[in-house]
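Trainee: With the sequence up front, the predicted model follows.
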Amino acid sequence: MKKFTIEITDTDVYINGRLHLFGCKMDKENHEDDMNEKAILALAHEMDYEPISLFEAMVDRLNEI
């Protein structure tokens, strides 16, 4: 079993204590949404997924549902 600890502060995202850095905002209008989206991206990276392929596959499956 895998366990991931996600910590979101006002400015940073940590997965299992490891800081994940981002070069720009993901959501320019809402800070909380921006940090949550960064956490999702950081978790995908921490799980060794290629984010673009992962999210494209998820979009395709959601469209099927």
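Mentor: In hand now; what should we look at? Numbers count the residues shown, from 1 in each chain.
Trainee: which stretches of the chain form strands?
Mentor: In the chain, strands defined by DSSP state E lie at 6-8, 13-15, 18-20, listed in chain order.
Trainee: Throw those strands into TSV and include mean neighbour count, mean pLDDT and distance to L43, thanks.
Mentor: Where C-beta positions appear, they are placed from N, C-alpha and C, glycine not excepted. Converted to TSV, the strands of the chain look like this (neighbours: other Cβ atoms under 10 Å; pLDDT from 0 to 100; distance: least, Cβ to Cβ, whole Å):
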stretch	mean neighbour count	mean pLDDT	distance to L43
strand 6-8	14	98	7
strand 13-15	19	98	6
strand 18-20	13	97	9
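Trainee: Which among those strands is found nearest to D33?
Mentor: Closest approach to D33 among those (Cβ to Cβ): strand 6-8, 11.5 Å.
Trainee: Report all helices and strands that the closest one contacts.
Mentor: Taking 3 or more Cβ pairs under 8 Å, 6 or more residues apart in numbering; DSSP states H and E as contact, the helices and strands that strand 6-8 lies on are strand 13-15, helix 31-46.
Trainee: who does the shortest one pair up with?
Mentor: When you say that, I think you mean strand 13-15. Applying DSSP bridges, strand 13-15 is found paired with strand 6-8 (antiparallel), strand 18-20 (antiparallel).
Trainee: Any idea which of those strands gets closest to I65?
Mentor: strand 6-8 (25.5 Å).
Trainee: ok, and what's touching the closest one?
Mentor: If you take Cβ atoms under 8 Å, 6 or more residues apart in numbering as the criterion, strand 6-8 is touched by V13, Y14, I15, G17, M35, N36, K38, A39, A42, L43.
Trainee: now the residues you listed: which count as buried?
Mentor: Buried residues within these, defined by neighbour count using 16 or more other Cβ atoms under 10 Å: V13, I15, M35, N36, K38, A39, A42, L43.
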